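Visitor: what would the 3D arrangement of this be:
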Amino acid sequence: MRNLNENTITQAVINRNEGTSNERLKEIMISLVQHLHSFAREVELTEEEWEVGIKFLTDVGQICTDKRQEFILLSDTLGLSTLVIAQNHRKPEGCTEATVFGPFYVSNAPELALGTNMSVGISGTPWFVSGTVKSIDGKIIPNAKVEVWQSDDDGFYDVQKEGLDHLEGRAIFQTNEKGEYHFETILPEAYPIPHDGPVGKMLQALNRHPWRPAHLHFMITAPNYERLVTHIFKEGSEYLDSDAVFGVRSSLVAQWVQHEGGQDPYGHQHDAPFSTLEFNFVLNPTAKAKA
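Guide: Now for the predicted structure:
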């Protein structure tokens with residue numbers, strides 16, 4: 001233990017961690033140490049580069065607040081979030097795919113009745129969203145909790161706005177007895193992830209852009225079904241093939257139909273353009289429910 005070198009240090013660290021009774025922690029730490037040390041050996045990491053890396057991680061932590069989670073942005077932009085989600089949410093063909101959670105979810109969104117406008121006071125093109133929530137076997141799922149959140153038409157979420165004393169552009173709905181949901185909002189636009197911090201500097205150094213294609217966030221939960229966290233993306237939106245956080249799935253890209261005017265789904269007349277989206281979600285029963 002007193003004469004460690006570059007060839008013996010890895011096993012020494014693994015041996016030192018053997019005392020834990022948590023077998024899963026032991027498994028993770030063994031692999032982490034092996035891969036971390038292998039990385040340093042493979043790239044011949046210099047002391048100066050190691051110091052830069054430490055400072056980068058320190059900066060990531062220091063910019064985090066209750067409204068900004070830079071480590072989630074880092075995980076997202078490195079593709080780690082997508083990898084973890086993909087391997088933890090393998091589903092039968094036909095189920096709606098999961099994708100990244102993102103850093104702007106809040107748990108206390110207002111609960112609204114179906115048909116309500118969840119973006120009152122936000123400027124933008126009116127958008128009418130509807131669909132159903134069903135099981136993979138075709139059963140309707142009534143009373144499913146449908147949480148929705150989005151940016152405004154300038155690409156900002158409510159939690160990013162200084163001085164805003166209320167939530168906007170987000171809501172919680174419940175499906176009706178037919179498994180249907182429907183609500184009004186405004187069209188979100190493509191937007192850049194926050195890039196004024198260390199993650200933004202990393203993207204700039206890598207000659208990568210920070211943009212995400214236009215999308216709408218959903219989280220759907222129901223008893224005896226796996227939770228679904230996903231987005232619905234706009235067909236034809238810029239950045240679909242270069243999403244900064246690798247969140248796009250082909251099955252989640254849908255037509256946001258534009259209407260030049262006329263009667264909306266609720267029977268109201270519009271002289272100005274509005275859009276509609278119909279998207280049906282398919283949930284996977286939990287393993288317990290299948291048994």
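Visitor: so who does Phe128 touch?
Guide: 182-184, 264-266, 274-277 (CB atoms under 8 Å, 6 or more residues apart in numbering). For glycine as for every other residue, the C-beta is placed from the backbone atoms N, C-alpha and C.
Visitor: with Ser81 instead?
Guide: Each residue near Ser81 by CB under 8 Å, 6+ apart is listed here: 72, 75, 100-101, 245-246.
Visitor: and the average pLDDT for the host helix or strand of it is what?
Guide: According to DSSP states H and E, Ser81 maps onto helix 80-88. Averaged across helix 80-88, pLDDT comes to 95.
Visitor: how many neighbours does the closest residue to His259 other than its chain neighbours have?
Guide: Using CB to CB, 6 or more residues apart in numbering and skipping the chain neighbours, the partner closest in space to His259 is Phe274 (5.4 Å). By the criterion of other CB atoms under 10 Å, Phe274 has 23 neighbours.
Visitor: can you give me the distance of Phe274 to Phe218?
Guide: Distance check for Phe274 against Phe218: by CB to CB, to the nearest Å, it reads 21 Å.
Visitor: and Thr276, by the same measure?
Guide: Between Thr276 and Phe218 the computed distance is 17 Å (CB to CB).
Visitor: and the strands in the chain?
Guide: Counting by DSSP state E, the chain has strands at residues 126-135, 145-149, 170-174, 180-186, 191-192, 211-212, 215-221, 228-234, 253-254, 257-259, 262-263, 269-270, 274-278, 281-283.
Visitor: ok, back up a step: which one among the contacts of Phe128 gets closest to Asn5?
Guide: Among the contacts of Phe128, Leu277 lies closest to Asn5 (CB to CB), at 61.0 Å.
Visitor: wait, that closest one sits on Trp127?
Guide: Yes - the criterion here is CB atoms under 8 Å, and Leu277 meets it with Trp127 at 6.8 Å.
Visitor: between these two, what contacts are shared?
Guide: Residues within reach of Leu277 and of Trp127 at once, by CB under 8 Å, 6+ apart, are Trp256.
Visitor: neighbour count: those two, which is higher?
Guide: Using other CB under 10 Å as the criterion, Leu277 and Trp127 rank with Trp127 on top: 23 against 18.
Visitor: ok, what's across the strand from the more buried one?
Guide: Going by DSSP bridges, Trp127 is paired in beta bridges with Thr185, Ser275.
Visitor: for Thr8, which of the strands of the chain is the nearest?
Guide: For Thr8, the closest of those is strand 228-234, at 43.8 Å, according to CB to CB.
Visitor: helices and strands around the closest one, which ones?
Guide: strand 215-221, strand 253-254, strand 281-283 (3 or more CB pairs under 8 Å, 6 or more residues apart in numbering; DSSP states H and E).
Visitor: which one's the longest helix in the protein?
Guide: Counting residues, the longest helix found in the chain (DSSP state H) is helix 23-43.
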